[in-house]
Structures are given as C-alpha cells and as structure tokens.
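Student: Okay, here's the prediction I keep looking at, along with the sequence it came from:
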Amino acid sequence: MGRRDLAGRRDLTAGRAGSRDGGVTLGVPRWTLILAALGALFIVLPIVGMTLRVDWSRFGALVTSEPAVAALLLSLRTATMSTVLCLLFGVPMALALARSRFPGQRLVRAVVLLPLVLPPVVGGIALLSTFGRRGLLGETFGVLGIQIAFSTTAVVLAQTFVALPFLVLSVEATLRASGARFEAVAATLGATPGTVFRRVTLPLVLPGLVSGAVLAFARALGEFGATLTFAGSLQGVTRTLPLEIYLQRETDADAAVALALLLVAVALIVMVATHRPRGLS
Amino acid sequence: MTFELAAVMHRRGLDVSFTLSPGETVALLGSNGAGKSTIVELCAGLLRPDSGRATLDGQVLFDLAAGGSGRAGRPGTFSPPHARRTVLLAQEPLLFPHLSVRDNVAFGPRSAGRSRASSRLLADEWLAAAEVSDLADRRPGMLSGGQAQRVAVARALAASPRLLLLDEPMTALDVAAVPSQRQLLHRVLLDRSVILVTHDPLDALALADRVIVLQGGRIVEQGPTRTVFAHPQTEFTRALTFGLDLSAGPATRPIAGV
C-alpha cells in the first residue's frame, strides 16, 4: 500500500524508496552509485585533509582567542539576523512567484535569483553603490545621520543579499509541490486570504521553510566576498569568521585551519540538526 | 436560498444559465470537458467568468458586464470565495494534513469567527452526523479514502454553506465505500441547495431532484431526474441510462419545494 501524499493521491513509489521496508530499489543503475560515491569523496576528502592538518595541541587556544571568539559570535549574530530578514521578505516573495501571475514574472524571478550566480564581490560592489556614502540611497541615509556601509548592518545586508535566493527557491518549490488546492478549499470554507496564509499555507510549506532557512543561515555564515567589499573587516564590528580565517591565513596558517574547522563544525551542526530533505520525516 | 447563474467563459467555451430553487439538488451530467467542473468553480469563486451574473439568496456573487477585458476599472462586482458560503467538496477529500480530523471540521466555523471551543463542539456534532466521531483525534494521513471523504462531508457542512458544491464526490472512493457514502449524502443533503457533478446515473437518481445535461459548455437537456432518464433526448443521456430500470419504486426523496 503506497503512502498518500499531501494531496491525498496515492504515491506508489513512497513505499519503495529504499530497501529498508522491503521495497526494491528501481531506476538506479550501478554506475551511478560509483559516480555518486566519487562525488561524495570529492567533498569529504578536502574536509578530512584539513582536519589532518589541524595542530591539535594549539587548537583549544586558537579557537578561543579573543579575535576568534569575537568573529564567531559576530557571525552567529549576523547570520541569525539575516535569516530572519530572509524569512520576512523571502516567504512573501516565494508566494508571489509561486501563486500569483504578473507581467514580467520570469524576469523578476531571474533577477531575484541573480545573487546565486553572481560573484559575491560583485554583490558587495552593488550594495556599496546603493548604500555606500555616495550611493543611490546612501546619501539620503547620510542626511538622516545613518551610515550603513562598513557597519554590522552592512554585514547583515550583505549576507541577506546572498542568502535570500536560497530561501525563496526552497519555499517556492514547496509551494508549487503542495499546489493551491488546499488554499482553494480553505477559501470556500470561508477563510479570508490572511487566515488561509496563516492556517493552511504556512503549515504546509513548513518543511521547505525550515530547510530554506537552514540553507540561508549556512550561506550567510559562510559569506565572505560581499561582506569584505561592503562592510570591511573591523574586529567585533564587521569581521565575521570567514574574514578572520582569511586574515589569519596571512600570518598564522595553523590558526586559519583551526578556525576553518570550527566553521565547518558549526555549519555541520546546523545542517544536521535541522535540515531534512523532503520526503523523509 | 434561491441560486441564479448566468455565465459566459470563452476560454472554456462555456455559456450556461440556470436557477436552483431553495433546497433543491441539481445534478450536472455530461462527458469530460462539457463544463461541469467549470460551473462548480465559477459558483465557488475559483474562476472568474468573462461575463454573467450570479446571485445566491439575494447576494450578488458576481455581476460582470460583457465586452470588458477583465482589467482594472472594469465595471461590475466579483465576490471572493470566502465571502460566498458556497462550499466545495471535491473528488479528493483534501483534508488539511497538519490538522486533526476535529480541527479540520472546525476550520469553517473558526474562519467564520467562532471561538475555538464552540467550533470544536460544532465539529463533533457534524462528525457524529457523518458517523465518524471515533476518528476525531486522528490525523488525515491515518484515514482510509472512505473515512476521509466522510470527514470532508462533515467539514463542508460545518461551514454552514448556503450552496453546497459537490464535484464528483465519490469518484475517487473505493467501490465498497460508495454505497454508504451515497446514503450519507442522501441523508445530509435533504433540504439543502446542492449542485452535484457526477458521472454516475445512480448518484443522480439517489440524490438529485433535477438533472442538467451539458455538452460542449451548453445545456442540452434538463428536467426532473426520472423524467429525463425515462425519456432521454440526447445520445449521451440515452447511453448513460442504458439498462437502468426506472420502474422500480417511487422516488426516494420528496420533490423540493413541496
């Protein structure tokens, strides 16, 4: 008996996804397994290589040094804030892309996803041209006495800029997969658009929302190029962990490796703790 | 609750007009693509016709003048689905998977502004009416197709619809579950205004006072169910009712309005 998907259709493949519950794995030729293993090795090996290079006798001292702790805390704080911004703006963006139709939608979608393919340093230059002292909006902010570039706010903006597409993509895909039929039923049952969003749409896309937020957080945590360009590298203010790692590499390679491992560990913990691909529950 | 509909929708090749008396159940019959589901979605507010007018119990559901292109500034009114109280029950139950059965049924009353407690009490009443009280605390994913559709019936009725729209409510059911579902519908649809889309002449006979036969988006035949089935005027109805013995017993429900 196949499981039923969200829409109540019987999903014949659900029970056969793996061999654990007696199903037979279909459509996976053996050579793909070999290539998949090679691909996985390509990701795992460098991490292992880096771990082997860690000077364990100094590791504790290196990762608890004052600049390191300051960088880690700044990274966690800014990545959290930019994830909140991504959720606040990204969910409505995904909703607009997945559920409504407007002229130029394909173009808008492409532009929104642009940060995915842009070199982050280009994003940094773009942000600087907009929010910098002589930028498009920067002058207005300057008049109001607000200086965005080279502040912690700039770090958050840079991270949000590069992380937003991850959240939008993930939520949009979930919205498309769940379809608009539940929303239609909810509306005919008398639910206003606000109620439908709160009581039907949001709970239904929660898995995509969570995995999108995790991806966005991880991307924000690793942000380097846009941050350096737009926010600079001031300890405790804009020098996040990736910037600290890069800086340390110039002077103390061991410290850079230790901090890199710390970043890997933080990213892994976040991913493993919260990220589950759809279909597994 | 008189319902009046006149609608033209070019994209779907639809041009129909009919009236529903208070408490009357009308079955829409016709082959695939004849426009049955389009009519239901127009009534529910999920589709917007090019022109036409629909009123339910005096309230205008839509009133759109011909010739408009549908852009802003166009004259006319269009009431959104949630303001119509025209509840749709589709082929698939579409129970909200994240809510318990009870909260699914309580969804309509909650949306209408009732308190959580009184909505749940009302939900329990409708679950009892649909004979599925024992499922109240379950998640929809744990129900069989027949159980889920019963819950969906309870949820639709709990929203106190003025017009109930049933779009092939039994097509997706297991054969064994169809007769009891039909009996349930027969019981709860009495004295309600209902539009029922079906492929099954038995459904029409058991549930509908009147049938409307559609072909290519137009009404080609209509009248009291037994009359139409006994004297089919179109090839479609002749084929649909082939072999049906209409002499067996009187109609099982009183004629509406009597």
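Tutor: Sure thing, it's come through.

Student: Next up, the contacts around residue 176.
Tutor: Since no chain was named, I'll use chain A. For A:R176, the contact set (Cβ atoms under 8 Å, 6 or more residues apart in numbering or on different chains) comprises A:A98. Using the backbone N, CA and C atoms, a C-beta is placed for each residue, glycine as well.

Student: I was after chain B.
Tutor: With Cβ under 8 Å, 6+ apart, B:A176 has these contacts: B:G146.

Student: Would you check how far apart it and B:G145 are?
Tutor: B:A176 is 10 Å from B:G145, where distance means Cβ to Cβ, to the nearest Å.

Student: Show me which residues of chain B are close to chain A?
Tutor: Contact residues, chain B versus chain A (Cβ under 8 Å from any Cβ of the partner chain): B:44-46, B:80-82, B:84-88, B:90, B:92-98, B:107-108, B:111-112, B:140-141, B:145, B:148, B:155-156, B:159, B:165.

Student: Show the buried residues in those residues.
Tutor: Neighbour counting with 16 or more other Cβ atoms under 10 Å in any protein chain shown marks B:44-46, B:81-82, B:84-88, B:90, B:92-98, B:107-108, B:111-112, B:140, B:145, B:148, B:155-156, B:159, B:165 as buried within those.

Student: Among these, name the ones in strands.
Tutor: B:T86, B:V87, B:L88, B:L165 (DSSP state E).

Student: got the contact list for the first one?
Tutor: Contact criterion Cβ under 8 Å, 6+ apart gives A:T188, B:C43, B:A44, B:G45, B:L56, B:L61, B:P161, B:R162, B:L163, B:L164, B:L165 as the residues in contact with B:T86.

Student: Can you tell me which of those is nearest A:A256?
Tutor: A:A256 lies nearest to A:T188 out of the contacts of B:T86, by Cβ to Cβ, at 59.6 Å.

Student: State the number of residues packed around the closest one.
Tutor: By other Cβ atoms under 10 Å in any protein chain shown, the residues close to A:T188 number 27.

Student: Show me what the closest residue to it other than its chain neighbours bridges to in the sheet.
Tutor: Using Cβ to Cβ, 6 or more residues apart in numbering or on different chains and skipping residues adjacent in sequence, the residue nearest A:T188 is B:L88, 4.3 Å away. Beta-bridge partners of B:L88, counted by DSSP bridges, are B:L165.

Student: is it true that B:L88 touches A:V185?
Tutor: Yes: if you go by Cβ atoms under 8 Å, B:L88 and A:V185 touch, sitting 6.5 Å apart.

Student: confidence score at the residue in the stretch 151-258 of chain B positioned nearest to chain A?
Tutor: Ranked by Cβ to the nearest Cβ, the top residue of the stretch 151-258 of chain B for proximity to chain A is B:A159, at 4.6 Å. B:A159 is assigned 94 on the pLDDT scale.

Student: Would you mind measuring from it to B:S119?
Tutor: Going from B:A159 to B:S119 by Cβ to Cβ gives 11 Å.

Student: Run through the strands of chain A in chain order.
Tutor: A:3-4, A:10-11.

Student: Looks to me like B:D15 is in a strand.
Tutor: Yes: counting by DSSP: H, G, I helix; E, B strand; the rest coil, B:D15 is found in a strand.

Student: what comes up buried for stretch A:245-259?
Tutor: Within stretch A:245-259, the residues that qualify as buried by neighbour count (16+ other Cβ under 10 Å) are A:I245, A:Y246, A:L247, A:Q248, A:A255, A:A256, A:V257, A:A258, A:L259.

Student: so how far is chain B from the fourth one?
Tutor: Going back to what we said before, that points to A:Q248. Note on A:Q248: its distance to chain B, by Cβ to the nearest Cβ, to the nearest Å, is 47 Å.

Student: Spell out which parts of the stretch 51-200 of chain A neighbour chain B.
Tutor: Neighbours of chain B within the stretch 51-200 of chain A, by Cβ under 8 Å from any Cβ: A:181-182, A:184-193, A:195-196, A:199-200.

Student: Mind doing that once more with 10 Å?
Tutor: The stretch 51-200 of chain A comes close to chain B at residues A:178-196, A:199-200, as judged by Cβ under 10 Å from any Cβ of the partner chain.

Student: quick revisit: which one of the strands of chain A has the poorest average confidence?
Tutor: Lowest mean pLDDT of the strands of chain A: strand A:3-4, a mean of 46.

Student: show me what contacts A:M93?
Tutor: Counting by Cβ atoms under 10 Å, 6 or more residues apart in numbering or on different chains, A:M93 makes contact with A:C86, A:V108, A:R109, A:V112, A:L164, A:P165, A:L167, A:V168, A:V171, A:E172.

Student: Spatially central, which residue of chain A would that be?
Tutor: Most central in chain A under Cα atoms, centre = their mean is A:A216, positioned 1.6 Å from the mean C-alpha point.

Student: That one reaches A:A163, doesn't it?
Tutor: Yes: taking contacts as Cβ atoms under 10 Å, A:A216 lies within contact range of A:A163: 4.0 Å.

Student: which residues sit in contact with A:I125?
Tutor: When contacts are counted by Cβ under 10 Å, 6+ apart, A:I125 touches A:L118, A:P119, A:G132, A:G225, A:A226, A:T229, A:F230.

Student: of those residues, closest to B:E221?
Tutor: Set against B:E221, the nearest of the contacts of A:I125 by Cβ to Cβ is A:L118 (62.3 Å).

Student: pretty sure the closest one contacts A:L127?
Tutor: No: applying Cβ under 10 Å as the test, A:L118 and A:L127 come out as separate, 11.2 Å apart.

Student: Among the two, which residue is more densely surrounded?
Tutor: Per other Cβ under 10 Å, whichever of A:L118 and A:L127 has more neighbours is A:L127, with 24 against 18.

Student: and that one, how far is that from A:T32?
Tutor: From A:L127 to A:T32 the distance is 41 Å (Cβ to Cβ).

Student: just A:V44 next, same as before
Tutor: A:V44 sits 18 Å away from A:T32 when distances are taken as Cβ to Cβ.

Student: Check what pLDDT residue 214 gets.
Tutor: With no chain named, the answer covers chain A. Per-residue pLDDT puts A:V214 at 92.

Student: The chain in question should be chain B.
Tutor: Predicted confidence (pLDDT) for B:L214: 93.

Student: which residues do B:L88 and A:V185 both contact?
Tutor: The contact sets of B:L88 and A:V185 overlap at B:A44, B:L46, B:P81, B:L94, B:A156 (Cβ under 10 Å, 6+ apart).
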